[in-house]
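[1] Just a sequence and a predicted model for now, questions to come.
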Amino acid sequence: MSAAARGFEVVIGLEVHVHLRTRSKLFSPAPVSYGDEPNHAVHPICLALPGVLPVLNARAVELAIRAGLATGCRVHERCVFARKNYFYPDLPKGYQISQYEEPLATGGAIDVPVEEPGGELRTRRVRLTRIHMEEDAGKSIHDPAVAAGATHVDLNRAGVPLLEIVSEPDLRSPAEAAAYLRTLRALLRSIEVSDADLEKGQFRCDANVSLRREGSARLGTRTELKNLNSFRFVEAALEAEIARQAAILEGGGAVAQATLAYDPATRRTRVLRLKENADDYRYFPDPDLVPLVIPAGRIEEVRRQLPELAPRRLERLQAQYALPEREARLLGESRATTEFFEAAAARHGDARGVAKWLVRDVKQVLAERGLELEGSQLRPEALAEVLRLLDAGRITAQGAREVVAVLAERGGDPAALVRERGLEAVSDAGELEAAVDAVLAESAEHVARYRAGEAKVLNFLMGQVMRRTGGKASPGPVRELLARKLGA
Amino acid sequence: MAGERGAIRALAAELAAGRRSAEALVAGSLERARAEGARCNAFVHLRAEAALAEARASDARRRRGEARSALDGIPVAIKDNMVLEGEPTGCASRILEGYVSPFTATAVEKLRAAGAVVIGSTNMDEFAMGSSTEHSSHGPARNPWDASRTPGGSSGGSAAAVAAGIVPAALGSDTGGSIRQPAAFCGVVGIKPTYGRVSRWGLVAFASSLDQIGVLARSASDAALVLEAIAGHDPRDSTSIPQPAPRLGERLDGDVSGLVIGLPREYFVEEGVDPGVLARVREAVTRLERAGAKTREVSLPHTRFAIATYYLIATAEASSNLARFDGVRYGRRAAGARDLAEMYRRTRSEGFGAEVKRRILLGTYVLSAGYYDAYYRKAQQVRTLLRRDFDAAFAACDLIATPTSPETAFRVGARTADPLRMYLSDVYTVSANLAGLPGLSLPCGLAEGLPVGLQLLAPPLEEALLLRAADAFERLAGAPPVPPGAA
């Protein structure tokens, strides 16, 4: 039974850590790289060798300002880097440079579309407490395959620039939390602040969750769930934690303030440490760095250069091309996708047709090959050409999908590909008629059912003709032929 | 090596005239470092072969007419908390045993770019925490004037190396007086520039907001020459002042007429000051007055809070700065630990000395939840008040004169059991670090056979003024005495 059904209101706030899209690290010239040999993307600064000093990456500041503005935050003209002190082998300095009392930005909000169980959309406004800059830690590797009984440390990630985006406890269900994360990710991608690739750990989430009796204004005791690194994981972990807290409260117990981890194997949350054992991070302003002063004019300059934001783009796609919301949302997710769509639509002429193809067929073809639009070899002009061939009846939908698959993997000229692969649609009347007659001859039962009024049997017969022609028969003429012969 | 004004220029002239070679000069320094240096334990590392090779390269440059500066071929020493690529940097600590740096400190790089030859690194209090160079993993350094006494600290090795005539100049670092106090104890000139004047890149941090690299030399003009070479903006240090290196040497004209010297009421109290020290300092001020300087009393009302403020801020920053010495990536790691916590505990217990541990504990406490406001935040507020004291005082005077230390060099071992008394001896020097001001100590005579230092403080960026006044005093007073055997 859900928490709501038991008379509890769920209160969730999220902390998101997102890697900024910079070439070098936040305080060091070492490159930001993923998948390098361990400890190769490093510099004396990220190793915390004796005598090194941090120097702030100006590009990271610009991206952080952009994120602050895009989320409606107030970007402060002065912010301060602080040291968060704790010992861990993957934290080379023994402290993380973060921001504490004076963060970069405060007080924004994000409007999150939430789908009701009935499929209806409503908007949840999630306020943002703050956005600050900090550096990532390295990775501790406890892999017995690398060395049994030993821990290895990889510092390639140490010092990679992060934004921490902290929400107010405005979310009311795990589904809302997931929707918030999707919206936030799309927004950050659209303004090119981050690639936010979950697989690469570029977008990570911690959640604070508590329950209170319906109607109560006081917040319950909250717990913190660490390292929720996929959207599905976030929902499952929150569901598990909500169930755990509800069970405690119903049993008359009190929830202890604690940090927990979610174990997907058992589908349960597990206490890592209780609040009384929490670290004292001894924050203080980093004396190696001067306060960061951002002139108001600079903030306005970044605002003027802000790329079109995802929500604005969504509205525009709907208005300008009369796209349904679902299609507009998918095409508006990243700027690259929008640009691809608009280029293909301009070339082809029928924007709605292009949109439909992109969100359904192209998406599926790419997904089957583990590709994404960005990074594939498919070009908007080529897609427009494929669709023109399809419209002209020179290839079938199946043929078009096949061409798109080849184009996505290695590019090329669509018309030439159609020829090379023998994908020209068969529209020769004689050839088609022979195929139709053969199918009708061997499908007596289906023909009888059709004549008895079962109209959808026509689709089965269409499929049979397609199979017989290797998918190359032009569907329009086939349908006409079948209808004519069956009607006769 | 002569203790007269401009020893480096005199040596440079000899090199230029071909009467001496840089190789002979460096060989002589290395020889004295082994003999005199051993007596006072001034050096922790000598790079004899590399230094001789660099000296030969300098001689070759000079023969081609390509000498880089007056410092080309001049032997110098650096403190053991400044890194030089390929050489060990130990901060006189067991925890950094065997550590060799892959890069070079900006100040050291600039010195070498000017042609100076680094012969080695000097002894110090571990991580620059101390006022006596006794807290060293290499054993205590000793004062060339009297081997039973300390050379002061923490740049005691650099001060001793200059006083003993091993090198004409050495780099030190000053967090609360660590250049000026040993300069006073050893009878040499020591200058701590304005905070941010010399890059801290490559200086192993003790307290980042207070640390500053400076120079120990036999005279103001030598100090000026070296400081000019190492100063200037460095993009690798975010706290570096975005101004080019100052021209210092050309303004040493001996003129102090009209100069207004402020004497802080709070510093000239009889209590707690050696009478001999106070007498020498007063005589020195009188000498400057006779040469045309004016004096007036000024007030620095928050002086009594300076020591407490300093030890809160310095230890807080140190507790964080020294966290990187954890045995994970470099330096010492305790063997045989069963888990991470034990590895940390044993590495740091074995690697750090008692004084460093005391300061890490104090600093950790100061920053702890519930104490931060009462200690660290309060100390930062008092720091602002101290800065304002100086602003107000400098509205009424050009320079401030004080004793450098309330006493002359004390005996080795005399203070180690009483850390608080040791901390209190920094009373005259810590304010300049808290306010970020330039300060200088120069020899102003002897008390009971031991050198006494006169401290001059100036407004930010006024190093030239400090050096001009110090140089003028040297002209008036004549060459300061040198320790027995170091002439």
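    Right, received. Where do you want to start?

[2] distance between the ends of stretch A:276-283?
    Counting by CA to CA, to the nearest Å, you get 18 Å between the two ends of stretch A:276-283.

[3] ok, and for it, which residues are buried?
    With burial defined by 16 or more other CB atoms under 10 Å in any protein chain shown, the residues of stretch A:276-283 counted as buried are A:281-283. In this view, the C-beta of every residue, glycine as well, is placed from N, C-alpha and C.

[4] tell me the contacts of A:Cys205?
    Contacts for A:Cys205 (CB atoms under 8 Å, 6 or more residues apart in numbering or on different chains) come out as A:14-17, A:181, A:228-229, A:234.

[5] Next step: those residues restricted to helices.
    Using DSSP state H to define helices, the subset of the contacts of A:Cys205 located there is A:181, A:234.

[6] Whichever of the contacts of A:Cys205 end up buried, select them in PyMOL.
    Here is the PyMOL command that picks out the buried ones among the contacts of A:Cys205, judged by 16+ other CB under 10 Å:
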select buried, chain A and resi 14+15+16+17+181+228+234
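
[7] Burial check on B:Thr369, number of neighbours?
    Let me fix one detail, which is that residue B:369 is Ala and not Thr. Other residues near B:Ala369 come to 11 when the count uses other CB atoms under 10 Å in any protein chain shown.

[8] For it, which non-adjacent residue is spatially closest?
    For B:Ala369, ignoring the flanking residues on the chain, the nearest one in space by CB to CB, 6 or more residues apart in numbering or on different chains is A:Asp280 at 4.7 Å.

[9] Please identify the helix or strand for that neighbour.
    Using DSSP states H and E, A:Asp280 is not contained in any helix or strand.

[10] I'd assumed B:Tyr372 was in contact with it.
    No. Using CB atoms under 8 Å, A:Asp280 is not in contact with B:Tyr372; the gap is 9.8 Å.

[11] Any idea how many residues pack against the residue in chain A positioned nearest to chain B?
    Minimum separation of chain A from chain B (CB to the nearest CB) falls at A:Gly94, amounting to 2.4 Å. If you count neighbours by other CB under 10 Å, A:Gly94 ends up with 21.

[12] quick check, nearest of the contacts of A:Cys205 to B:Glu36?
    A:His17 (57.3 Å; CB to CB).

[13] The closest one and B:Arg34: what is the separation?
    Distance, A:His17 to B:Arg34, using CB to CB, to the nearest Å: 56 Å.

[14] residue boundaries of the helices in the stretch 151-300 of chain B?
    Here the stretch 151-300 of chain B has its helices, by DSSP state H, counting those that start in this stretch, at B:156-163, B:180-186, B:220-230, B:275-290.

[15] looking at these, which is closest to B:Ala435?
    helix B:180-186 (14.2 Å).

[16] The closest one: how far from the chain's middle?
    Centroid separation for helix B:180-186 versus its chain: 8 Å, with CA atoms, centre = their mean, to the nearest Å.

[17] Stretch B:41-48 too?
    In terms of CA atoms, centre = their mean, the centre of stretch B:41-48 is found 17 Å from the chain centre.

[18] contacting residues around it?
    Contacts for stretch B:41-48 (CB under 8 Å, 6+ apart): B:30, B:33-34, B:36-37, B:77, B:80, B:87-88, B:90, B:92, B:118-123, B:136, B:138-142, B:151, B:156-158, B:160-161, B:164, B:166.

[19] Ends of that stretch, what's the gap?
    Start-to-end, stretch B:41-48 (CA to CA) is 17 Å.

[20] For that stretch, buried residues please.
    B:41-48.

[21] now swap in stretch B:255-265 and tell me
    Here stretch B:255-265 shows B:255-256, B:259, B:261-264 as buried, counting by 16+ other CB under 10 Å.

[22] which stretches of chain A aren't confidently modelled?
    Scanning chain A for pLDDT under 70 picks out A:1-5, A:310, A:488.

[23] Tell me the residues of it that contact chain B?
    A:44, A:47-56, A:83, A:85, A:87, A:89, A:92-95, A:151, A:153, A:280, A:282-284, A:286-290 (CB under 8 Å from any CB of the partner chain).

[24] Can you say which of these are buried?
    Looks like the residues of chain A next to chain B have A:44, A:47-56, A:83, A:85, A:89, A:92-95, A:153, A:282-284, A:286-289 buried, using 16+ other CB under 10 Å.

[25] how would you label A:Gly393: helix, strand or coil?
    Recorded secondary structure, A:Gly393: coil (DSSP: H, G, I helix; E, B strand; the rest coil).

[26] tell me the contacts of it?
    Contacts of A:Gly393 (CB under 8 Å, 6+ apart): A:425, A:427, A:474, A:476.

[27] Among these, which ones are in helices?
    Among the contacts of A:Gly393, the members falling in helices (DSSP H) are A:Gly476.

[28] could the contacts of A:Gly393 go into TSV alongside neighbour count?
    Formatted as TSV, the contacts of A:Gly393 follow (neighbours: other CB atoms under 10 Å in any protein chain shown):
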residue	neighbour count
A:Ala425	27
A:Ser427	15
A:Ser474	20
A:Gly476	11
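
[29] Sketch out the low-pLDDT regions of chain B for me.
    B:1-5, B:486-487.

[30] Find the closest residue to chain A in it.
    B:Ala323 (2.4 Å).

[31] Burial check on that residue, number of neighbours?
    Other residues close to B:Ala323 by other CB under 10 Å number 23.
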